[in-house]
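J.: Any chance you could fold what I've pasted below:
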Amino acid sequence: MAVAAFPIGPLQTNSYLIHKTSKAVAIDVGGDPAPMLEYLNTHHLKLEAICITHRHFDHMYGVAALEEATGALVYIPQDDDSLAGTDSGKGGVWGFPPVPEFTAAPMPMGNTIFGDMVCQVLKTPGHTPGGVSLYFPDEHAVFSGDALFYRSIGRTDFPGGDHDTLLRSVKDVLFKLPAETTVYPGHGPTTNIGDEIANNPFCGEFRP
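T.: Here you go, the predicted structure:
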């Protein structure tokens, strides 16, 4: 699986394009998707889906433009619907622009196929009520949104956030993945599950 990362938008959200065949999948789109569209055109790829890991404004700024340019279906976790009308969900506060509206379908949970790749959509709430991580077992990769970062975890002081829930998501879901699994987070550098089990300072007593 090829993974192209684009840190875009006002908070430099890691926006990803992944593909194994001519069908590509976008994961989170934090800003102007122009570099993502250029990549799709250069590699002669058709964007099949746009997957949003959680409903926070900095992960959705470019969704409407990418949807319009490609016609790809947008999937967003249904358990985050309660955030749609909040400042953290729609933007437009703290000096940030509002999120352009887009059409989305509920994220399929459990086993599914995105871009000809087997994906397990894992519930990893805590940063938001409905946050998910996208695990591609055949590719040894998980896209963790803002649940797990390199040596850190997501903040939980926004509406719907819960610190203990997030720690359980990390311990009981993400830390159960194979140690060699590469973690592609919503912000910052990549890491892997084994390294975070051993070294993430936020997990402490919650280590498996």
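J.: hang on, residue 22 packs against residue 46?
T.: Yes - shown here, residue 22 and residue 46 form a contact pair, counting by CB atoms under 8 Å, at 6.0 Å. Heads up, the C-betas are built off the backbone N, CA and C, glycines and all.
J.: what stretches of the chain score poorly on pLDDT?
T.: Applying pLDDT under 70 to the chain flags the ranges 204-208.
J.: Do a quick rundown of the strands in the chain.
T.: 2-8, 13-19, 23-27, 46-51, 73-76, 105-106, 110-114, 117-123, 132-136, 141-145, 148-149, 152-153, 182-185, 191-192 (DSSP state E).
J.: Adding mean neighbour count, write those out as JSON lines.
T.: Below are these laid out as JSON lines (neighbours: other CB atoms under 10 Å):
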{"stretch": "strand 2-8", "mean neighbour count": "17"}
{"stretch": "strand 13-19", "mean neighbour count": "24"}
{"stretch": "strand 23-27", "mean neighbour count": "24"}
{"stretch": "strand 46-51", "mean neighbour count": "22"}
{"stretch": "strand 73-76", "mean neighbour count": "20"}
{"stretch": "strand 105-106", "mean neighbour count": "12"}
{"stretch": "strand 110-114", "mean neighbour count": "13"}
{"stretch": "strand 117-123", "mean neighbour count": "19"}
{"stretch": "strand 132-136", "mean neighbour count": "25"}
{"stretch": "strand 141-145", "mean neighbour count": "27"}
{"stretch": "strand 148-149", "mean neighbour count": "26"}
{"stretch": "strand 152-153", "mean neighbour count": "20"}
{"stretch": "strand 182-185", "mean neighbour count": "21"}
{"stretch": "strand 191-192", "mean neighbour count": "20"}
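J.: nearest to residue 199, of those?
T.: strand 191-192 (9.0 Å; CB to CB).
J.: now the strands of the chain as TSV including distance to residue 58?
T.: Listed next are those as TSV, based on distance: least, CB to CB, whole Å:
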stretch	distance to residue 58
strand 2-8	10
strand 13-19	5
strand 23-27	14
strand 46-51	15
strand 73-76	14
strand 105-106	21
strand 110-114	22
strand 117-123	21
strand 132-136	16
strand 141-145	11
strand 148-149	14
strand 152-153	16
strand 182-185	13
strand 191-192	20
